[in-house]
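Student: Would you be able to build a 3D model of this:
(chains A and B)
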Amino acid sequence: MTNEEKLHLLEDVFELDENTLTPEMVLADIEEYDSMSKLSLIVMIDDECHKKLTGEQLKEFETIQDILDFMG
Amino acid sequence: MPINPMSLCGKRLLLGSDGSALNHEICRTLQALGAEVLVIDAKAELNDILAGIDNVEYDGFFWGCVHSDFRPLKMVSRDNMMQIMDENYFRFIDLLRDLMKHKRIGKNASIVAMSSISSIRAMKAKMVFSAAKAALDASMRSLALELAPKGIRINTIQKGAVDVDFEKEHIQTVSAINDGMASRQVLGVTAAVEVANLVAFLLSDATKSLTGTSIVIDGGYTL
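Tutor: Numbering: from 1, shown residues only, chains lettered A, B, ... in the order given. Alright, predicted model coming up:
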């Protein structure tokens, strides 16, 4: 999966318009990054990347790049 | 000699297990109370399950298959909904129908199925699981009427957070997004053996006229 494809998946999860996310963005500054989005992120990464994201790992994410790296 | 109203001595029971630690505890408790328990794999093919069941009339049947998935609305798919409905509801009805057809459930038997407080309380991202267990509870009430002429009774247990379930990572995630679900259990997380005791209580002669009921065991979550 390319970075662009991953960003589109994340935009879907956070219900943002296309091409609004960039890797360097800080998660704490993204208003849509709330508890339900975090849950959607866990499910999306399971569905799309077949990886289990734990609550602990989720807490360590600081930027969009951290999520992209985890998605692999 | 003291009497034990929850004694299961002389009872032959079927236990539909999904392999969870809770179902292991339930099996141990039923055996400790004197029951002869045949454990069946709740996730196996229906015909395989039936082939593994002895040709006798059982005194009780416990169904413990609980697949507590969590998905927000936008992540729900038909496949996911079908899987959750299948494991939490359809399989139980399919198996019960065939057990009745093949006369494996005896007169005056007790049937117990595991439900959840998700059936009666809202939780984020649990809508499909909630619907599946609500379907199970609603069907149970109709079945209680339908099976009563045979003296057969049926009940469900609506459990909250149980210690052995809570060891699973995803439950903690769900708890976190639902504002500390477990902390709302004012008496704390329920021990597996308490749920097992409740199953035994419902399968025993201590509750011979108890039918069509869902019993909540949730440490006070739903208060």
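Student: secondary structure class for B:D165?
Tutor: What DSSP: H, G, I helix; E, B strand; the rest coil gives for B:D165 is helix.
Student: residue contacts, it?
Tutor: With contact set as C-beta atoms under 8 Å, 6 or more residues apart in numbering or on different chains, B:D165 has these partners: B:20-22, B:68, B:171. (C-beta placed from N, C-alpha, C; glycine too.)
Student: Could you find which two of those are furthest from each other?
Tutor: Maximum pairwise distance among the contacts of B:D165 (C-beta to C-beta): 13.8 Å, between B:A21 and B:S68.
Student: Neighbour count for these two, which is higher?
Tutor: Taking other C-beta atoms under 10 Å in any protein chain shown, B:A21 and B:S68 do not tie; B:S68 has more neighbours (20 against 14).
Student: Next up, identify which helix or strand residue 22 is on.
Tutor: Reading this off chain A. Assigned by DSSP states H and E, A:T22 falls within no helix or strand.
Student: wait, chain B
Tutor: helix B:21-32.
Student: with the contacts of B:D165 in mind, which one is nearest to B:K208?
Tutor: Nearest member of those to B:K208, counting by C-beta to C-beta, is B:L22, at 25.5 Å.
Student: What about the closest one, how many residues nearby?
Tutor: B:L22: 23 neighbours (other C-beta under 10 Å).
Student: ok, now which ones touch it?
Tutor: When contacts are taken as C-beta under 8 Å, 6+ apart, B:L22 is in contact with B:64, B:66, B:162, B:164-165, B:192, B:195-196.
Student: Switch these over to TSV; also include distance to B:S183.
Tutor: Formatted as TSV, the contacts of B:L22 follow (distance: C-beta to C-beta, whole Å):
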residue	distance to B:S183
B:G64	26
B:V66	22
B:V162	15
B:V164	18
B:D165	16
B:A192	20
B:V195	20
B:A196	24
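Student: buried sites along the longest helix along chain A?
Tutor: Using DSSP state H, we find that the single longest helix of chain A is helix A:35-49. Under the neighbour-count criterion of 16 or more other C-beta atoms under 10 Å in any protein chain shown, helix A:35-49 has A:36-45 buried.
Student: Likewise for stretch B:42-53?
Tutor: Applying 16+ other C-beta under 10 Å to stretch B:42-53 flags B:42, B:49-50, B:53 as buried.
Student: out of those, which touch chain A?
Tutor: The subset of the buried residues of stretch B:42-53 within reach of chain A, by C-beta under 8 Å from any C-beta of the partner chain, is empty.
Student: Of those residues, which belong to helices?
Tutor: Short answer: those in helices (DSSP H) are B:49-50.
Student: Just name the closest of the buried residues of stretch B:42-53 to chain A, please.
Tutor: When the buried residues of stretch B:42-53 are compared for distance to chain A (C-beta to the nearest C-beta), B:A42 wins out at 22.9 Å.
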